[in-house]
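# quick check, what structure comes out for this input:
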Amino acid sequence: MDIVDALNNAVIRGVNVRVVADEGASNTGLQGNINFEALFGNTNGLMHNKFLSIDADSPLNAWVIMGSMNFSEQNIYSDYNNVVIFQDQAVAKAYRIEFEEMWGGSGISPVPSNAKFGSAKTDNTPHYFKVGDTYMELYFAPSDQVASKIDAALSTTDNDLSMALLLITQNQFRDKIIELNNGSRWIRGIVESINLIGSDFNALLDAGVDMVHHDETGQFHHKYAIIDYYYNEIGGPMVINGSYNWSAAAEEKNDENTIIWHSYNMANLFMQEYAARWAVSATNIEYTESRGLVMAYPNPVSDNLVVELEEEGLNVLIYNSLGVLVSSYFDCSESIEINTNDWASGVYQLLVQDDALRSFSSIKIVK
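Take a look at the predicted model:
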């Protein structure tokens, strides 16, 4: 009830508070004493958004809160989620446009007869923004054909893709991921719900993608992907994030929002969380001795790692589980030996690169 209490107190201070919620959810916090109006919507899907637009008319005090987290006790205290809070008037206004389309108007009271949810909405918001020095794209489902925007972002992957997903049932994304994996990119994913009807988890696993099931207590409720974090040269890293599950329902029926961040700093923040989750969930994956350009052995290793390359002149980069570069070797011969005595136990990523060819291997250090 802390959030509802905060909203009630805001009304007392003179703030115009408006809430849109999914009509099929329990919404127990909105069933008690509230002194603001709420509208419940989307009869054909889910009002699945989780965003706040705050003081959108204030150039210096407009804020947006968005991400994957439902405003529920379980999602806040028990489950794995992300919340992004940032200040920008233009983006806050875009979110308010989306809100008021569902609200049915711009007034303090909703207009249910004019409210639009799901497929009834139109593509009526701007999509391209610069927040400080960061470029970003903003899309709402189902009006903005979000799957095509995510697919286009995935298609830019030049080096590596890390996915954190509650589920993946959208075949379009499955096919794109397999295509990227077959094209010698380093692809890996953590997924919570792997046994749903239509789940693409096993298909990706069978195609050779490094996919793992989330193996911690608490639901893995994320819906984000990090593109080219380890190769910040062509276009820069990107993060895809929001409420949009990688499913047909999110694309066709649900009210959703997605931001594509073009930002190394944002990618770094998400990678720190991703690496921590990967370090736990990937402990039982099978480590292969060779993949593409490189053979690395023994694996697991405790002291000395031998890396054999198929040609001279390649660069070898090794990152720890936090995404930090721990060792690098440039213009290598066909075989190098790396002393790992001072490295902590854990999962490391070994990348072999030149201007055109790349190879990726997971290395496990065991002491």
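# when you work out contacts or count neighbours from here on, use the C-alpha atoms and nothing else.
OK.
# and the strands in the stretch 201-350 of the chain?
Taking DSSP state E, counting those that start in this stretch, the strands of the stretch 201-350 of the chain run over residues 210-213, 223-227, 238-242, 256-262, 290-291, 294-297, 304-309, 314-319, 325-332, 335-339, 346-353.
# how distant is the third one from the center of its chain?
In this view, strand 238-242 has its centroid 5 Å away from the chain centroid, taken as CA atoms, centre = their mean, to the nearest Å.
# what helices or strands is that strand leaning on?
On a contact count with 3 or more CA pairs under 8 Å, 6 or more residues apart in numbering; DSSP states H and E, strand 238-242 meets strand 63-67, strand 223-227, strand 256-262, helix 264-281.
# if you compare these, which one is most tucked away?
Greatest average neighbour count among the helices and strands packed on strand 238-242 goes to strand 223-227 (a mean of 26), per mean count of other CA atoms under 10 Å.
# rewinding a little: mind giving me a markdown table with the strands of the stretch 201-350 of the chain and columns for mean pLDDT?
Below are the strands of the stretch 201-350 of the chain laid out as a markdown table (pLDDT from 0 to 100):
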| stretch | mean pLDDT |
| --- | --- |
| strand 210-213 | 92 |
| strand 223-227 | 97 |
| strand 238-242 | 98 |
| strand 256-262 | 98 |
| strand 290-291 | 40 |
| strand 294-297 | 78 |
| strand 304-309 | 89 |
| strand 314-319 | 87 |
| strand 325-332 | 89 |
| strand 335-339 | 91 |
| strand 346-353 | 81 |
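# a markdown table for the helices and strands packed on strand 238-242, including distance to Asp303?
A markdown table is the format used below for these (distance: least, CA to CA, whole Å):
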| stretch | distance to Asp303 |
| --- | --- |
| strand 63-67 | 42 |
| strand 223-227 | 31 |
| strand 256-262 | 38 |
| helix 264-281 | 20 |
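# what's the closest of the ones you listed to Ile178?
For these, the distance to Ile178 is smallest for strand 223-227, at 15.0 Å, taking CA to CA.
# where exactly do the helices run in this structure?
In the chain, the helices defined using DSSP state H lie at 2-12, 73-77, 89-103, 146-155, 171-182, 201-206, 248-252, 264-281.
# and the ones you listed, which is most packed in?
Each of those was assessed for mean neighbour count using mean count of other CA under 10 Å. The highest is helix 89-103, with a mean of 22.
# elements contacting that helix?
If you count contacts as 3+ CA pairs under 8 Å, 6+ apart, helix 89-103 packs onto strand 18-22, strand 52-54, strand 63-67.
# what's in contact with the shortest one?
Translated: strand 52-54. Under the criterion CA atoms under 8 Å, 6 or more residues apart in numbering, residues 62-66, 92-93, 95-96 lie in contact with strand 52-54.
# repeat for the last one
Outside of strand 63-67, the residues that reach it under the criterion CA under 8 Å, 6+ apart are 50-56, 81-89, 91-92, 95, 241-243.
# could you list the low-pLDDT ranges of the stretch 101-250 of the chain?
Residue ranges of the stretch 101-250 of the chain with pLDDT under 70: 232-235.
# what's near enough to touch Ala267?
Applying CA under 8 Å, 6+ apart, the residues near Ala267 are 226-227, 229, 237-239.
# and if we set it to 6 Å?
Shown in contact with Ala267 (CA atoms under 6 Å, 6 or more residues apart in numbering): Val239.
# tell me how far it lies from Thr134.
Note on Ala267: its distance to Thr134, by CA to CA, to the nearest Å, is 12 Å.
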